[in-house]
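Chemist: Sequence isn't available, so here's the structure alone:
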């Protein structure tokens, strides 16, 4: 009990300190001074886009990991999890040498197709997706592994095509895990910093998401940095509380 | 940060000729290469005192000194950051120990064809600067203003970086077409960048102040470090790394 209180206090203290130290008397000025609305809008766009891509690509990947029988599956799983344990700045450097304007693949994208990801919102989405996608893959794979496969077998025996079975039987059964994974992915995406600033750079309205805005505001306006941090805290907590209740209700 | 606290607390306890202490120096990131050479040089000249460095943006470092109070010496890339520390918690023995100038850098193959600072205003140039509030970022904006191209150049800015090292990284990786950093950064980067001189009329001379932080438990060792830095050996090393003399 004492340890639990200590744990809770440890997590809550920084948040409480942000509230206490916030320049409440000049909140409006601090908000407009650091471009909070621009950064918040961009953060929501980037994190939602990254979540959508992560689900679209991550669910098939989870399926492959859970059901596929092929050599190197464990290696593939380790590779998929890697972005969780890598420092995000390492991910950013990796993305630079892979997808940057003079990177392995990025050079071709740039020269042949005229596409440049660095310094663009698309680049911020790429960096954010790289870092946050593993969460939805892991959660969905765990869901698929825990599934009682007799339901799928029964549906298939009654003539359901594999796609039909996946859509009508498998997917609804792993929906809670998928949703939980998607929420975690989104939350991670909203907080993404290191890979984004390394790969996509930092420019208001284009690549400067909330965490980057906080980072830059520290230089000019520490009070503004606290206000920005608080907005991020409030948005994250609201969404996690709202969705968290629903998620546990599904279980 | 914890490591630094531990390092700062560990010194001065042992007695006798074998006494060792650790001096914690907070220094602007543009000083990284030069101070990493000055540190061992200082220890060689002052046996028993080892130096640990915390490099970062001067503005950040000033804020850290004010909230953590773990620095013995502060070497800043801007007078403003030093002024802030001088106000709280205070400094002693403040002096200017080096100067730095700005330079335009491009990747070696110069993809955007930058021949002078004026070319930074050409449309389509992907320019990277340090952020406003970071000394080298403020100086760069000052130089662009003097060159009369601030507005056009700001249209070309694709990223505002946290410090000069990050600007260099964006240029050496070939992602940005140009950046504005210190001449000392070019020495550190070597062949990885091509540099374009900014004429003196437009250039900004950055003065680097150094001082012992009030509240340091090692103010004596701190003063010795200052003496070493402004002395002939320290100055020679700084010159090797592209810094100008204090005067």
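Modeler: Structure's in. What do you need? Remember, predicted model here, so these are calculated numbers, not experimental data.
Chemist: For chain B, list the residues in contact with chain A, please.
Modeler: Chain B comes close to chain A at residues B:57, B:59-60, B:63, B:107, B:126, B:128, B:131-134, B:157-162, B:170, B:173-176, as judged by CB under 8 Å from any CB of the partner chain. All C-beta spots, glycine's among them, are computed from the backbone N, C-alpha and C.
Chemist: what residue ranges in chain B score low on pLDDT?
Modeler: Under the criterion pLDDT under 70, the flagged ranges of chain B are B:1-19, B:247.
Chemist: Tell me the buried residues within the residues of chain B next to chain A.
Modeler: B:57, B:59-60, B:63, B:107, B:126, B:128, B:131, B:133-134, B:157-162, B:170, B:173-176 (16 or more other CB atoms under 10 Å in any protein chain shown).
Chemist: Taking the centroid of chain A, which residue is nearest it?
Modeler: Centroid-nearest residue in chain A, with CA atoms, centre = their mean: residue A:189, separated by 2.7 Å.
Chemist: Please point out which parts of the lengthiest helix in chain A sit buried.
Modeler: Counting residues, the longest helix in chain A under DSSP state H turns out to be helix A:36-67. Of all the residues in helix A:36-67, those buried under the rule 16+ other CB under 10 Å are A:36, A:39-40, A:42-44, A:46-47, A:49-51, A:53-55, A:58-59, A:61-66.
Chemist: same question, stretch B:61-75
Modeler: Buried residues in stretch B:61-75, counted by 16+ other CB under 10 Å: B:61, B:62, B:63, B:64, B:65, B:66, B:70, B:71, B:72, B:73, B:74, B:75.
Chemist: Give me every residue in the stretch 1-150 of chain A lying close to chain B.
Modeler: Within the stretch 1-150 of chain A, the positions lying close to chain B (CB under 8 Å from any CB) are A:96, A:97, A:100, A:101, A:102, A:118, A:119.
Chemist: my guess is residue B:101 is in a helix, correct?
Modeler: No: per DSSP: H, G, I helix; E, B strand; the rest coil, residue B:101 lies outside any helix segment and is strand.
Chemist: May I ask which of the residues of the stretch 1-150 of chain A next to chain B has the most neighbours?
Modeler: residue A:118 (31 neighbours; other CB atoms under 10 Å in any protein chain shown).
Chemist: Phi and psi next, for it.
Modeler: Dihedral pair for residue A:118: phi -60, psi 140, per degrees, to the nearest 10.
Chemist: and if you look at residue B:129?
Modeler: phi -120, psi 170.
Chemist: what's the spacing between the nearest residue to it once chain neighbours are set aside and residue B:100?
Modeler: Of all residues not flanking residue B:129 in the chain, residue B:140 sits nearest, at 5.0 Å (CB to CB, 6 or more residues apart in numbering or on different chains). Separation of residue B:140 from residue B:100 (CB to CB, to the nearest Å) stands at 12 Å.
Chemist: who's more crowded, these two?
Modeler: residue B:140 (31 against 28).
Chemist: before we move on, which element is the more buried one in?
Modeler: Applying DSSP states H and E as the criterion places residue B:140 in helix B:135-146.
Chemist: Figure out how far the helix or strand just after that helix is from the centre of its chain.
Modeler: Heading C-terminal from helix B:135-146, the first helix or strand you meet, by DSSP H and E, is helix B:150-156. Its chain's C-alpha centre and that of helix B:150-156 lie 25 Å apart, by CA atoms, centre = their mean, to the nearest Å.
Chemist: Tell me the residues of the stretch 151-251 of chain A that contact chain B?
Modeler: Residues of the stretch 151-251 of chain A lying near chain B by CB under 8 Å from any CB: A:197, A:201-204, A:206-208, A:215-216, A:218-220, A:222.
Chemist: any idea of the angle the host helix or strand of residue A:80 forms with helix A:36-67?
Modeler: Assigned by DSSP H and E, residue A:80 belongs to helix A:73-85. With axes from the mean of the first three to the mean of the last three CA atoms, to 10 degrees applied, the angle from helix A:73-85 to helix A:36-67 works out at 160 degrees.
Chemist: Helices of the stretch 51-200 of chain A, residue ranges please.
Modeler: Under the criterion DSSP state H, counting those that start in this stretch, the stretch 51-200 of chain A contains helices at A:73-85, A:88-99, A:106-113, A:121-145, A:150-157, A:162-165, A:171-191, A:194-199.
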